[in-house]
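Enquirer: Fold the following.
(one chain, ligands or ions: 1)
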Amino acid sequence: MKSLSFPSARLYIHDLLVGNGLTGAQAIQQGAREFGVFEDGGNPEEIESVGIPERDLTDCCECCQAAYKVLQQFFSKRSSTTRALDMETAWKSFRNRLNYYRAGMSSGKVRPLNCQLACSNLAPVIFDLLLQEVHRYS
Ligand SMILES: [Zn+2]
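Expert: Below you'll find the model as predicted:
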């Protein structure tokens, strides 16, 4: 399956969840730093959202919100004039692929699933998909 591109990343997140007792959102943030998503080491408090509009993420679970913040932070450091568009494209791609993955896990039908229910225990997958989006722009 193509979405299994970063098995070591999945294991790393799994270890953070099981071994270190982090929440999915915390593990995703730490994983992003460990896997070099942020050139400067990444301080989640320093998200410069200039040119990258905040989205309404109330439908998203904590893990997807963390993934959004990582993407936002990643793109905010880039000088590209298309970074706001790139951010939007990467986020949509991430959400689409996650929907397909979740649908495959359940009935096989692609339909909008409630993030809060569908994403529990999916932090390693979410992180994998997130890395794939980041690598497209790296
Ligand atoms: Zn989610």
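Enquirer: got the contact list for stretch 114-121?
Expert: G24, D59, C60, C61, C63, C64, L98, R102, M105, S106, I126 (CB atoms under 8 Å, 6 or more residues apart in numbering). Heads up, the C-betas are built off the backbone N, CA and C, glycines and all.
Enquirer: Now look at it and say if it contacts the ion.
Expert: Yes. For stretch 114-121, a contact with the ion is found by CB under 5 Å from the ion, at C115, C119.
Enquirer: mind listing what L130 touches?
Expert: L130 neighbours (CB under 8 Å, 6+ apart): I28, A32, A67, V70, L71, F94.
Enquirer: redo that, cut-off 10 Å
Expert: 6, 9, 28, 31-32, 35, 37, 63-64, 66-68, 70-71, 74, 90, 94, 98 (CB atoms under 10 Å, 6 or more residues apart in numbering).
Enquirer: Mark which of these are buried, thanks.
Expert: Buried subset of the contacts of L130 (neighbour count, 16 or more other CB atoms under 10 Å): 6, 9, 28, 31-32, 35, 37, 63-64, 66-68, 70-71, 74, 90, 94, 98.
Enquirer: Of these, which are in range of the ion?
Expert: Answer for these near the ion (CB under 5 Å from the ion): C64.
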